[in-house]
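J.: Requesting a structural model of the entry that follows:
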Amino acid sequence: MSGFLTFMAAPAVGCVILALVFTYFGLHVLKREVIFVDLSLAQLAALGATLGFALEWDAHSWGAQGLSLLFILMGALFFALVEYRFPEVSQEAVIGIVYVVGASLAIIIADRAPHAAEHIRFMLNGSILWITWTGVVTLAVTAGGVGLLAWKWRKPIETWFDRKSANARSYSRALWDFAFYTLLGVVIAASIKTAGIFLVFTLLIIPAVCATLFAKTFNRQFVLGSLIGSGGSLLGLALSFSLDVPTGAMIVATFGGLFLLALAARWFQNNRA
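T.: Okay, here's the model as predicted:
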């Protein structure tokens, strides 16, 4: 037991930090109906990391980190501009296009690099098990800074304009869309090499979806989603340790099980009403 606590302490704290910040953004993503935006932004971050990998830059160097952030900023700007200029185009379709093109470019870039398959697998599954306390502190500072800005800008960010209304093509909406995507992208850029694309998407969507099944107000959804995200992450870590299976994949599978349990509980609740 003591070995588990010592070995898993940093990954556990890292998962809780990610659960808190991604639950907040996940609720906004559900409200905006851009479910796969984090998957697309995460793929852009992975594209930047893959380019740095092909250039033989250290994965934790400022250059590699900067490339990931640059691609995310380009993606955030692209999403906001397309939404502003072409409101008749489905934002989900644009997000899907960016994802598949980004993934394909990453494969092309990594194709001739040594250990390309290992790198791609690493970007998908991450390495949350090997996060250090230095990494935890960096993640906490990044999430805290983003959280403060998201709180400061919560009113305009939380405002949802009808895409068919006159506000759909306002400069104000385009600006705050860009701000929202950028804030989310910064957290993704800071966590993608640790958590991986699959776990980032899982933490953003599943706790938020489960919370909306049982809570109506945003504050209650955030609290419940954060508890689900933190608890699911810790349970996944414990199962990974005891079963000796890949950590990121086990956490994702655990959340899949929690989602099914949440659906069953909600069904039972509805039948009793």
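J.: Could you list the low-pLDDT ranges of the stretch 1-150 of the chain?
T.: Within the stretch 1-150 of the chain, the ranges that satisfy pLDDT under 70 run 1-5, 59-60, 116-117.
J.: switch to 90 and redo it
T.: 1-9, 28-39, 42, 45-46, 48-68, 80-93, 106-132, 135, 147, 150 (pLDDT under 90).
J.: For it, which segments count as strands?
T.: All residues of the stretch 1-150 of the chain lie outside strands when identified by DSSP state E, counting those that start in this stretch.
J.: any idea where the helices of it begin and end?
T.: With helices called from DSSP state H, counting those that start in this stretch, the stretch 1-150 of the chain shows them at 2-32, 37-54, 62-85, 91-110, 116-125, 133-152.
J.: Out of these, which gets nearest to Gly257?
T.: helix 2-32 (16.2 Å; C-beta to C-beta). All C-beta atoms are positioned from the backbone trio N, CA, C, and that covers glycine.
J.: for the closest one, packing partners?
T.: Packing contacts for helix 2-32, counted by 3 or more C-beta pairs under 8 Å, 6 or more residues apart in numbering; DSSP states H and E, involve helix 37-54, helix 133-152, helix 171-214, helix 218-243.
J.: Out of the ones you listed, which gets nearest to Lys31?
T.: helix 218-243 (8.6 Å).
J.: Going by neighbour count, which residues of the closest one are buried?
T.: Buried positions in helix 218-243, judged by neighbour count with 16 or more other C-beta atoms under 10 Å: 218, 221-222, 224-230, 232-237, 239-241.
J.: if we can go back for a sec, tell me which of the helices and strands packed on helix 2-32 sits most buried.
T.: helix 37-54 (a mean of 26; mean count of other C-beta atoms under 10 Å).
J.: ok so, going back, JSON lines for the helices of the stretch 1-150 of the chain, including distance to Ala208?
T.: Shown next, in JSON lines, are those (distance: least, C-beta to C-beta, whole Å):
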{"stretch": "helix 2-32", "distance to Ala208": "3"}
{"stretch": "helix 37-54", "distance to Ala208": "11"}
{"stretch": "helix 62-85", "distance to Ala208": "19"}
{"stretch": "helix 91-110", "distance to Ala208": "17"}
{"stretch": "helix 116-125", "distance to Ala208": "21"}
{"stretch": "helix 133-152", "distance to Ala208": "15"}
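J.: of all the ones you listed, which lies closest to Val209?
T.: helix 2-32 (6.8 Å).
J.: roughly how far out does the closest one sit from the chain middle?
T.: What separates the centre of helix 2-32 from the centre of its chain is 10 Å, taken as C-alpha atoms, centre = their mean, to the nearest Å.
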